[in-house]
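Asks: Build me a structure from this.
(one chain, ligands or ions: 1)
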Amino acid sequence: MNPFNVYNLFNVTPVSAHGCTIKDDKGQEFLDMYAGNAVMNIGHSHPKYIQAVTDQLQQLTYCSNMVKNPLQDQLALRLGKMTGYDDYSLFLCNSGAEAVENALKLASFHTGRQRVIAFKRGYHGRTSGAGAVTDNPSISSLFNRVHKVIFLDINDTATLKKELETQKVAAVIIEPIQGTGGVHTPQPEFMQTLELVCRQTETMLIMDEIQTGFGRTGKFFAHQWLNIHPDLICIGKPMANGLPCAGVMIAPHFEAVKGRLGTTLAGNYVTMAAALSVLDVLEKDNLMANAKAMGDFLKEHIPASPRIKEVRGKGLMIGIEFRELVAPIRQKLLYDKHIITGSAGMNVIRLLPPLCITQQECYTFINALKAVL
Ligand SMILES: Cc1ncc(COP(=O)(O)O)c(C=O)c1O
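Replies: Model prediction:
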């Protein structure tokens, strides 16, 4: 048997990693400007993370969600304190798509409504409901399309109001910065109106912070730059720095009904120890401030070039839009300069480095990009 062949693979085989450096099986070093798609926020192999995970592994890995697990309580408490959402509850699951599924389901249960509004260029995952609210027909099966979803243009307040005023919409789901769709940020006024109209029409606002969360933009959540408060916040990717861990942060007005949500593996002791150490490191190593500072530095120093149309994003979530296909540029960066980057569509290089990146490493990227261009 072979792995199901659904990924485009680069010809690199990593065997170890430290901070922002990845080493391959030939002993070559690569600068990680992608963090495995915004996952490795505290960097690779942080000593506190390794210690926490190995200590926990030696003690207890799993017992089921039928018994008390104080690490889950600690994580919820700590996350509530760090984000300012102390009065929310935390439902744990294993992947971003699963967090989105559960948030959609909660919104539908709570409102007794079925329809959902999502946005063009939005990405929320590939499972049933998550795939349905993702604007990409090429990954949407007939099965995904049975859900009642309407896609609107971001910043189109008039249509949004018209739809929500029908009072038939269970939820609006939105990324505070669209990542996979090309690093596009909705206008702040649009987001603020969205929150207001959701309140007025009793529509649940689901904020997908799976890529933007855990300090990437310089605040814990990207929506916190806007002073808005969603009803449901989806979290995932960097939560346990590479171990499968995701969740939904749930406002107090949702009723927790036994048995409605649940999963076997989520919240296990090892991922909880990992997630707690991620919060520790984010705070103690001051990584959110570093994300903002290094993000500003990168944006300032990315070379001006007639080949570049726009540089956008916030903190360490940066899109460099080219007037040409980026695949050859990314290949040169990878194979000639040993720098791993991401992309969004055909024309955007997406930078999502670990939040511990140094100014020296930013220079390495900038000089490499200059040379390649
Ligand atoms: C904004 C957003 N939502 C949801 C997901 C889905 O997460 P996962 O791949 O863990 O299912 C992603 C993954 O890229 C994402 O970027």
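Asks: give me the beta-bridge partners of residue 149?
Replies: Beta-bridge partners of residue 149, counted by DSSP bridges, are residue 116.
Asks: residues in contact with it?
Replies: 115-118, 132-133 (Cβ atoms under 8 Å, 6 or more residues apart in numbering). C-beta: built from backbone N, CA, C; applies to glycine.
Asks: How about the residue positioned nearest the centre of the chain: what's its closest non-neighbour residue?
Replies: The chain has residue 211 as the residue nearest its centroid, 1.3 Å off, counting by Cα atoms, centre = their mean. Excluding the flanking residues, the one nearest residue 211 by Cβ to Cβ, 6 or more residues apart in numbering is residue 179, at 4.1 Å.
Asks: With residue 186 instead?
Replies: If you skip the residues right next to it in sequence, residue 186 has residue 154 as its closest partner in space, 4.7 Å away by Cβ to Cβ, 6+ apart.
Asks: got the contact list for that neighbour?
Replies: Applying Cβ under 8 Å, 6+ apart to residue 154 gives the contacts 119-121, 174, 178, 184, 186, 190.
Asks: The residue nearest to residue 211 against residue 350, yeah?
Replies: Yes - under the criterion of Cβ atoms under 8 Å, residue 179 makes contact with residue 350 at 7.0 Å.
Asks: shared neighbours of those two, which are they?
Replies: Common contacts of residue 179 and residue 350 (Cβ under 8 Å, 6+ apart): 317, 344.
Asks: I'd like to know how many residues surround residue 66.
Replies: If you count neighbours by other Cβ atoms under 10 Å, residue 66 ends up with 6.
Asks: Relative to residue 262, how far out is it?
Replies: Per Cβ to Cβ, to the nearest Å, residue 66 is found 10 Å from residue 262.
Asks: part of a helix, is residue 145?
Replies: Yes - the assignment for residue 145 by DSSP: H, G, I helix; E, B strand; the rest coil puts it in a helix.
Asks: The ligand: which of the contacts of residue 149 is nearest?
Replies: Of all these, the ligand sits closest to residue 133, with 9.5 Å by Cβ to the nearest ligand atom.
Asks: neighbours of the closest one, just the number please.
Replies: Look at residue 133: counted by other Cβ under 10 Å, it has 29 neighbours.
Asks: who's in contact with it?
Replies: Contacts of residue 133 (Cβ under 8 Å, 6+ apart): 100, 104, 116, 118, 122, 124, 147, 149, 173.
Asks: got the buried residues for the host helix or strand of residue 310?
Replies: Applying DSSP states H and E as the criterion places residue 310 in strand 308-314. The neighbour-count check on strand 308-314 (16 or more other Cβ atoms under 10 Å) flags 308, 311-314 as buried.
Asks: cool, stretch 118-136 as well?
Replies: Of all the residues in stretch 118-136, those buried under the rule 16+ other Cβ under 10 Å are 118-119, 121-135.
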